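> Structural data only, the sequence is not supplied:
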Ligand SMILES: NC(=O)c1ccc[n+]([C@@H]2O[C@H](COP(=O)([O-])OP(=O)(O)OC[C@H]3O[C@@H](n4cnc5c(N)ncnc54)[C@H](O)[C@@H]3O)[C@@H](O)[C@H]2O)c1
């Protein structure tokens, strides 16, 4: 049994990675500051947090700690001596990073450098896994975008994540710290609370509210089911072939928001789709090329968008008695009569 420390391990993606590592028989330490990025009045954090750890709470060590506090982080790393560290803790929302650039820098960049500084001093960590993002590419110049695609981030979030990548590589070369960099994209699935479009659409559909498509909903994203992402993280954490490599870990398909909405319409008949002019600032993305991850890691995503959304909607249905704000909503009606 080896010890793996996951920063941000109590978060959406981190909790799925933790579950996979527990299945492998590893000792899992979660280092998390339990930060909420959207209004606590609407994110049902407690409910989803409980779901994240259903059945595994007694199998993980949870340390409440912030990566911005270096001493705390150092104490934890020295105490548990992890063989591998998966670094997910970061402000994860692009819009918020634009409006709160200092927070983004501290969270994404300083947090990362703090870990790297500690890794420089301790010799027992065999691999450091850094979580980047497809936002580092900016507007895609070709599809699917492979790892060599030009890096032209268009916002603070993408720029800061890319700066983190460069520092991970610099520390890696300078101090021989073995690393792997992962670039996920548009991760969706049960227990996300950050109100990205994927979550908003599912919740609105269940509430009987309209799904609003901006600019015709033509923009494509590589929607990736969270369980597939977790599989990719675990492979990247252990595979010798992943040493000092960078991987796109996504579904590998560009699907438009209109398609996303229409799949929900099929799952929940009666959902209305309306169109409005564009109001969000995002790079034009699409499919990422995952052939490198397939070849070197044996990574193979299992969930099409249709399958992932079926499971995601099913998750909300199971929560029916635990979401009082859904009373008198479409969800309430669906759960009590239609389903
Ligand atoms: N969800 C996506 O679509 C997506 C896509 C690309 C990259 N990512 C990256 O994946 C990582 C995880 O994202 P997520 O969707 O699971 O978000 P999340 O908000 O659910 O999880 C992040 C977790 O990190 C913790 N955290 C944040 N800052 C911290 C700090 N300074 N110290 C300790 N803990 C801290 C939070 O409390 C939270 O539990 C982030 O780095 C994010 O940028 C996410």
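Great, that's in hand. All values derive from a computational prediction rather than experimental measurement.

> And the residue of the chain found nearest the ligand, its phi and psi?
Going by CB to the nearest ligand atom, the ligand is nearest to residue 11 of the chain, at 2.0 Å. C-beta here means a position set from N, CA and C on the backbone, and glycine is covered the same way. Per-residue torsions, residue 11: phi -80, psi -170 (degrees, to the nearest 10).

> Excluding sequence neighbours, find me the nearest residue to it.
residue 88 (6.2 Å; CB to CB, 6 or more residues apart in numbering).

> Next, count neighbours for residue 113.
17 (other CB atoms under 10 Å).

> from now on call the first residue 480
Happy to do that; since the first residue is 480 now, the last one works out to residue 592.

> wait, is it part of a strand?
No. Counting by DSSP: H, G, I helix; E, B strand; the rest coil, residue 592 is not part of a strand but helix.

> Could you look up the SS state of the closest residue to it other than its chain neighbours?
With CB to CB, 6+ apart as the criterion, residue 592 has its nearest non-adjacent residue at 6.1 Å, and that residue is residue 646. When classified by three-state DSSP, residue 646 comes out as helix.

> show me the contacts for residue 646.
588, 591-592, 595 (CB atoms under 8 Å, 6 or more residues apart in numbering).

> Could you do residue 726 as well?
Neighbours of residue 726 in contact, by CB under 8 Å, 6+ apart: 626, 659-662, 711, 715, 769, 771-772, 775-776, 778.

> Residue 738: which of the residues you listed is nearest?
Of all those, residue 769 has the smallest distance to residue 738: 19.1 Å, by CB to CB.

> Disregarding flanking residues, what is the spatial nearest neighbour of the closest one?
residue 731 (4.1 Å).

> Any idea how many residues pack against that neighbour?
Counted with other CB under 10 Å, residues neighbouring residue 731 total 21.

> rewinding a little: make JSON lines out of the contacts of residue 726 and add pLDDT.
As requested, those are exported to JSON lines (pLDDT from 0 to 100):
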{"residue": "626", "pLDDT": "98"}
{"residue": "659", "pLDDT": "98"}
{"residue": "660", "pLDDT": "98"}
{"residue": "661", "pLDDT": "98"}
{"residue": "662", "pLDDT": "98"}
{"residue": "711", "pLDDT": "98"}
{"residue": "715", "pLDDT": "98"}
{"residue": "769", "pLDDT": "98"}
{"residue": "771", "pLDDT": "98"}
{"residue": "772", "pLDDT": "98"}
{"residue": "775", "pLDDT": "98"}
{"residue": "776", "pLDDT": "98"}
{"residue": "778", "pLDDT": "98"}
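
> Show me those residues that map onto strands.
Counting by DSSP state E, the contacts of residue 726 place 659-662 in strands.

> Please convert these to a markdown table, extending it with distance to the ligand.
Shown next, in a markdown table, are these (distance: CB to the nearest ligand atom, whole Å):
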| residue | distance to the ligand |
| --- | --- |
| 659 | 14 |
| 660 | 11 |
| 661 | 8 |
| 662 | 7 |
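
> Give me the buried subset of those.
Of the members of these, the ones counted as buried by neighbours, 16 or more other CB atoms under 10 Å, are 659-662.
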